[in-house]
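Asks: below are the sequence and a predicted model for it; my questions follow.
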Amino acid sequence: MGLNYGEAPRLVSMNDAAVAYRRICARVDALVRGRDDIAELPVPACPGWTIRQVVAHLVGVAQDIVALNLDEKGTAPWANAQVARLGEHSIDELLARWAQSLDAVSTNLALASDAGVCQLVFDTLTHEHDIRGALGEPGSRTGDLTFTTALSFMTTTGDQFIRHARLPSFRLSTPSLGAVQMGDPHTAPGQLALSISDFDALRSFGGRRSVKQLLALPWDKDPTLLMPAFTQLLPALTNGGLRPPSHDLIE
């Protein structure tokens, strides 16, 4: 009997991804609205940023989608410009600007690719949980369209990177994804398997876990040869994005 490699990763449709984005926006609004006392709390997952600055980034992304200011999307200068532009507003003022932009964002998302809209969900969901981690208020960590969408971007993009780099392939299993195959098991050296929660997959593949934490995940074999996928290649690491933190991030 052959090995069960899992299904090939697939992106969630653009329409479903757009619905997922609005759900995260509503959750972040409900989480931080009216809480001026939390504005200056540091966000451990985003070193150097406060909760106010993370919200400013989320609002700035929406504004830049409306303005089609996307040439440097995903880069540190792009995000820093958003924080510089909006970071002095109160949290409620930021939330109001975000809400006012959502219809125009939806119009422009209809012109984007499935991958682009899923990437937006991946980034926004990651930052929702960055804020929740700073507050110690975890919220839902599994089983809804937001996780399915974010993980669909993570796995389809990760599959491409791993194949191109000829890294060991592996089968990733989470409750929302089922089992998906990343990398080519027929040509890449080794075949690993990893079964984890949706939340742990989001945080591990989103630059929110140290290499020590990544190695400690319940792999069925030694994953050392796969680590370049996390330290050099995966979605959160492109365009000058974050590398795994040097210290363990406990959430």
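Replies: Arrived safely. The shown structure was predicted, so the numbers you read here are calculated from the model rather than taken from an experiment.

Asks: low-confidence ranges in this protein?
Replies: By pLDDT under 70, the low-scoring segments of the chain are 1-5, 189, 233-243.

Asks: run through the helices of it in chain order.
Replies: Listed in chain order, the helices of the chain (DSSP state H) span 14-32, 51-67, 76-86, 91-109, 114-135, 145-165, 198-204, 211-215, 228.

Asks: any idea which residue sits dead centre in this structure?
Replies: In the chain, the centroid-proximal residue (C-alpha atoms, centre = their mean) is Phe122; its distance is 3.5 Å.

Asks: can I assume that one is in contact with Phe147?
Replies: No. Using C-beta atoms under 8 Å, Phe122 is not in contact with Phe147, being 10.0 Å away. From N, CA and C alone the C-beta is placed, and that goes for glycine too.

Asks: okay, and the common contacts of the two?
Replies: With contacts defined as C-beta atoms under 8 Å, 6 or more residues apart in numbering, no residue is shared by Phe122 and Phe147.

Asks: could you pull out the strands in the stretch 151-251 of the chain for me?
Replies: 169-174, 178-182, 191-195 (DSSP state E, counting those that start in this stretch).

Asks: and the longest one, what's buried?
Replies: Looking back up the chat, that one is strand 169-174. By neighbour count on 16 or more other C-beta atoms under 10 Å, the buried set for strand 169-174 is 169-172, 174.

Asks: distance from stretch 191-208 to the middle of the chain?
Replies: Taking C-alpha atoms, centre = their mean, to the nearest Å, the mean C-alpha location of stretch 191-208 is offset from the chain mean by 11 Å.

Asks: so Trp98 versus Leu58, what's the distance?
Replies: Using C-beta to C-beta, to the nearest Å, Trp98 is found at 7 Å from Leu58.

Asks: which neighbours do those two have in common?
Replies: Cys25.

Asks: follow-up on the earlier one: JSON lines for the buried residues of strand 169-174, including distance to Phe205?
Replies: What follows is the buried residues of strand 169-174, written out as JSON lines (distance: C-beta to C-beta, whole Å):
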{"residue": "Ser169", "distance to Phe205": "15"}
{"residue": "Phe170", "distance to Phe205": "12"}
{"residue": "Arg171", "distance to Phe205": "14"}
{"residue": "Leu172", "distance to Phe205": "9"}
{"residue": "Thr174", "distance to Phe205": "10"}
